[in-house]
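Q: sequence-free structure coming up:
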């Protein structure tokens, strides 16, 4: 009977990837514009490896949300991969803890060229409330080169999408960068 | 306060909260008495009190039949040891090891004295939470040699996983010893996200401290912010307006619902029912967007502030939130029917990752996972602080202690929290949102205790005479529960580990500090 109920629920729910009726109209155009741009720039295939380098797990909540049906990132060709060796983009959250400094560097090294690094959240961009200390290296760019910084505590899924787009479109506009 | 036959001379510090200072020998006797009556150790930490005219201090929070007991022992200036409590409460083990790494005071005769939070980042001879610690010390480049416990014998091999995992989860190391696919032993190694949170609090102003407290574990923001504010308000003997207290509870329940919805989605995902993931995350996203619309932040960050709250709810907002609660309730009911009827899901969930009630009691399993193993503790129900004392919270419990039980507790708690949201909205008292804190004259201390979605969060605060934070210890329930994941996976197959782990959904950042 579960199959019957699942199908019933799916049909009743419909496709939510189009913005829900109550959603902010500004959000709607953003989402649609981003879809088109990412498809154009990256030919339906951006592979992202996420790495928590010491985050409070707030940013992770929004990365999870990005995988939900409202944002439909898989539908636009953005996917999260398990291995850095399969990745184009490294998405790094957190102030970099000293206990993860080596792991971050090794993960970065393991990603084949060309690669882009996005520092996520206020901590990733500036060290945030945690700053630099005996246990924290602070911002991600203190440890590895960063292409795009997406501030916010945590940044919204839309801001994350914009950051991903900014990263992958950078070289095309400015090949020397 | 009496426990057993003995009066322990603890003074009431707040509703359901007791405070005592005693000799270390007496602490052992108290711990035994609490264990005997079925209580638990919740938290253990140390402090450097040398600037206050003492030596080091060791602090223990116990859950007793009369509420929360916060007990401190002053160690003599030249004494760097206190009696081991892990032989009475095994959950104290990692807390004691962390206390040594940070302060250099150790539990004498402890069976396990391996390092915990210190990897290679600072020298074994330096202790960051001592007031005379030199923050300018360069990182050591020592390799992090950690003696895992080896399982030997024919056909046994190890699988080392992490600290970087394959999914979007926090970093930690899992060392499996397996035969074929079956897990013989799991040993966890944490501390990777240790970012000096407790040191960061030192000297911080009280308002910024609330922001940092909320980021100890970001998915438990409101619980930490509330517990911290409760502690500060107790320390300064400040009163919070009723409306603010009710709004804090509203935020806490909103946070609980959001996390439970997300977890139920991921639990479906982990048994290949991506339908479940998409449905629950659709609901969660709607819930987050409504929070952003009504309160200005999807996760309600920084909405709880010392002295009250930073945001109000309008009448139309109340109606909208109540209507959304009704809608989510109906949706969750229909999804529950599907989870109940789905043969594969039920097969994977039931009898997987079992923590039996006896073991849960012995090892101190707490919070949501504890309630799924018949550990019937929920501060909102047993020791309700305002406004829960007027809401008659119904506690969800299960006995089977498997993945299914932890899912069932989440379903029940979503419904109870939706009821609480409606009740809070309906009876929300009028009045101010915020009252200034009373002036600080002297060194003062307080403690906050909040039942987060994951389990009890405790934050202890000491404020210096200059009005700045002197010592803050935030305690995450994951401290107690991580060791039970090691137990829950025994005899299961490695591919079920992600499912079992997700069913606990513990924080790394919270205990790594």
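A: That came through, no problem. None of these values were measured; they are calculated from a predicted model. Numbering: from 1, shown residues only, chains lettered A, B, ... in the order given.

Q: How far off centre is stretch B:43-55?
A: Using CA atoms, centre = their mean, to the nearest Å, the distance from the centre of stretch B:43-55 to the centre of the chain it belongs to is 23 Å.

Q: Is there contact, residue-wise, from it to chain A?
A: No. Judged by CB under 8 Å from any CB of the partner chain, stretch B:43-55 stays clear of chain A, getting no closer than 14.9 Å. The C-beta positions use only the backbone N, C-alpha and C, and glycine is treated the same way.

Q: what's in contact with that stretch?
A: Residues outside stretch B:43-55 that contact it (CB atoms under 8 Å, 6 or more residues apart in numbering or on different chains): B:56-61, B:74-79, B:85, B:92, B:95-96, B:99, B:102-103, B:105, B:129-131, B:443, B:458, B:460, B:462, B:471, B:473, B:475, B:479.

Q: Which positions in that stretch come out as buried?
A: B:43-49, B:52, B:55 (16 or more other CB atoms under 10 Å in any protein chain shown).

Q: so for the helix or strand that residue B:457 is a member of, what's the average pLDDT?
A: In this structure, residue B:457 is located in strand B:456-463 according to DSSP states H and E. In this model, strand B:456-463 carries a mean pLDDT of 98.

Q: if you look at it, does any of it touch chain A?
A: No. Using CB under 8 Å from any CB, we find that strand B:456-463 stays clear of chain A, coming within 13.7 Å at best.

Q: Return the list of strands paired to that strand, each annotated with direction.
A: strand B:444-451 (antiparallel), strand B:469-475 (antiparallel) (DSSP bridges).

Q: so how far is the longest one from its chain's centroid?
A: Meaning strand B:444-451. 13 Å.

Q: Now it: average pLDDT?
A: Mean predicted confidence for strand B:444-451 is 97.

Q: For the residue in chain B that chain A sits nearest to, which non-adjacent residue is closest in space?
A: For chain B and chain A, the shortest gap (CB to the nearest CB) falls at residue B:218, measuring 2.7 Å. Excluding the flanking residues, the one nearest residue B:218 by CB to CB, 6 or more residues apart in numbering or on different chains is residue A:58, at 2.7 Å.

Q: do the same with residue B:197
A: Per CB to CB, 6+ apart, closest to residue B:197 is residue B:513, 4.6 Å.

Q: mind listing what residue 67 touches?
A: Since you didn't name a chain, this refers to chain A. A:73-74, A:80, B:168, B:281.

Q: please go with chain B instead
A: Residue B:67 touches B:15-18, B:383, counting by CB under 8 Å, 6+ apart.

Q: can those residues go into a markdown table with extra columns for distance to residue B:351?
A: What follows is the contacts of residue B:67, written out as a markdown table (distance: CB to CB, whole Å):
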| residue | distance to residue B:351 |
| --- | --- |
| B:15 | 41 |
| B:16 | 37 |
| B:17 | 39 |
| B:18 | 40 |
| B:383 | 33 |
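
Q: which of those has the most neighbours?
A: Greatest neighbour count in these, by other CB atoms under 10 Å in any protein chain shown, goes to residue B:17: 23 neighbours.

Q: for the stretch 151-300 of chain B, what spans make up the helices?
A: Here the stretch 151-300 of chain B has its helices, by DSSP state H, counting those that start in this stretch, at B:197-201, B:206-213, B:221-235, B:242-269, B:274-295.

Q: circling back to that earlier point, model confidence score at the residue of chain B closest to chain A, please.
A: pLDDT, read off for residue B:218, is 96.

Q: My understanding was that it contacts residue A:63; is that so?
A: No. In this structure residue B:218 lies outside contact range of residue A:63 using CB atoms under 8 Å: 11.7 Å.

Q: So between the two, which is more surrounded?
A: The residue with more neighbours, out of residue B:218 and residue A:63, is residue B:218; 25 against 21, by other CB under 10 Å.

Q: For chain B, give me its nearest residue in chain A.
A: residue A:58 (2.7 Å).

Q: separation between that residue and residue B:397?
A: Distance of residue A:58 to residue B:397, computed by CB to CB, to the nearest Å: 30 Å.

Q: cool, residue B:378 as well?
A: Relative to residue B:397, and taking CB to CB, residue B:378 is found at 9 Å.

Q: Nice, that's everything, thank you.
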